[in-house]
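Chemist: here is my input; please provide its structure:
(2 chains)
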Amino acid sequence: MPMTRLPPEIRPVLESGTPAAMVTCSADGKPNTTVISRVYYVDDMHAALSFQFFSKTIRNVRENPRAFVCVWDMAGHAHWALQLEFERSETDGPIFDAMDMQIEAIASMTGMSGIFKLRAADIYRVLSVERVQHPRWTGTEFAN
Amino acid sequence: MIPGKIVRFLEQYANVAFVGTRDRDLVPFGHRVSGWSVGADQRTMTILVPDEFLQRLVESLRHNGELAVTVEAFPSHETYQFKGSYRHHRGVQDGDVEIADRIRRRFVKTIRPMSHEPEDALHAFVSPPALAVEFEVLEIYLQTPGPGAGTRLIPPVEG
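Modeler: Here you go, the predicted structure:
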């Protein structure tokens, strides 16, 4: 059953730095997908996403605030499906500063220093969150 | 038409993909993709979606036909987004399973040297496909992180 607050068990998944996929939709009904480097836990009702270069995503959420984010929990053989609604954008303050520092760390680890750069911290309200368990790998999945 | 360079990217290097759809209320939804193939005419693609990501997929595609697929080669981050129009869907066939298996092996081989995850978790990241969706590719965008991210490649931007 979907929840309406981020549960404690999602925090280590978000903080592991696993990339996530994000889907938005323009006002004229065109979906847009992108890979995002990280989803940030703000509190149990809010998540923050980094505004770096995905300009179509940024435009979409400002004309249609709904967004979908999928976060993988590889070790747990699961994913988390988040329905979000864009609330506001912050260009300074503690959330922005924390995200900026973490993005720089990710950039230096992945050889993308100077390319990954935080422009704003976009704050989203959590509408629903659901953990979907995947089947365990047995090695026979693709056997014909 | 999908350029040859991007066809080679899809067939030889890409290892992660995700498809986005939206419902009648413009609410977006996402679905993991286990595999993909390019049609012989290079105007269509077929994506393979696992069972755990089928929620709302067919209903949304039947309603409005809109979809966007992002395909990435990790860890180089070379990424393209394909936007298009739904044509039809069907159950998976043997050839589809082989495609997804090839992408699973490519993904694990690429990720293994840099991942701390257990081997079975890497394999499980690419689930067996349950549904094949064919769509007509109408637009292709560069999504590789950097100054050119978001540039429309197909059809080319004039001027």
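Chemist: burial count for residue 70?
Modeler: I went with chain A, as the question did not name one. 23 (other Cβ atoms under 10 Å in any protein chain shown). The C-beta positions use only the backbone N, C-alpha and C, and glycine is treated the same way.
Chemist: think we crossed wires, I meant chain B
Modeler: B:Thr70, neighbours per other Cβ under 10 Å, totals 25.
Chemist: name the helix or strand for it, please.
Modeler: strand B:66-73 (DSSP states H and E).
Chemist: so what strands line up beside that strand?
Modeler: Note on strand B:66-73: by DSSP bridges, its sheet partners are strand B:16-22 (antiparallel), strand B:78-91 (antiparallel).
Chemist: who does residue 33 bridge with?
Modeler: Just so you know, I chose chain A. Bridge pairing for A:Thr33 - DSSP bridges - gives A:Val23.
Chemist: meant chain B, my bad for not saying
Modeler: B:Ala17.
Chemist: and A:Cys25, how many neighbours does it have?
Modeler: A:Cys25 has 27 neighbours, counted by other Cβ under 10 Å.
Chemist: so how far does stretch A:11-28 reach from one end to the other?
Modeler: 34 Å (Cα to Cα, to the nearest Å).
Chemist: hmm, back to that, of the strands paired with strand B:66-73, which is nearest B:Val38?
Modeler: Of all the strands paired with strand B:66-73, strand B:78-91 sits nearest to B:Val38, with 9.9 Å by Cβ to Cβ.
Chemist: just to revisit the earlier point, need the residues that contact the strand holding B:Thr70.
Modeler: A:21, A:23, A:29-35, B:9-10, B:13-22, B:33, B:36, B:45, B:47, B:60-61, B:78-86, B:133, B:135, B:143 (Cβ atoms under 8 Å, 6 or more residues apart in numbering or on different chains).
Chemist: please repeat the previous calculation with a cut-off of 7 Å.
Modeler: Outside strand B:66-73, the residues that touch it by Cβ atoms under 7 Å, 6 or more residues apart in numbering or on different chains are A:29-35, B:9-10, B:13-22, B:33, B:36, B:47, B:61, B:79-84, B:86, B:135, B:143.
Chemist: need the buried ones from those selected in PyMOL.
Modeler: This is how PyMOL selects the buried members of the contacts of strand B:66-73, with burial counted by 16 or more other Cβ atoms under 10 Å in any protein chain shown:
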select buried, (chain A and resi 30+31+32+33+34+35) or (chain B and resi 9+10+14+15+16+17+18+19+20+21+22+33+36+47+61+79+80+81+82+83+84+86+135+143)
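Chemist: what distance do you get for B:Ala124 to chain A?
Modeler: Here B:Ala124 is placed at a distance of 4 Å from chain A (Cβ to the nearest Cβ, to the nearest Å).
Chemist: got the phi and psi for the spatially closest residue to that residue that is not a sequence neighbour?
Modeler: Nearest non-adjacent residue to B:Ala124, counting by Cβ to Cβ, 6 or more residues apart in numbering or on different chains: A:Trp137, 3.8 Å away. Main-chain torsions, A:Trp137, degrees, to the nearest 10: phi -80, psi 130.
Chemist: and the one 3 residues further on, by the same measure?
Modeler: With angles defined as degrees, to the nearest 10, A:Thr140 sits at phi -110, psi 0.
Chemist: next: A:Ser26.
Modeler: phi -70, psi 170.
Chemist: these two touch, right, it and A:Arg62?
Modeler: No. Assessed by Cβ atoms under 7 Å, A:Ser26 is found out of contact with A:Arg62, at 10.3 Å.
Chemist: so which of these two has more stuff around it?
Modeler: A:Ser26 (18 against 13).
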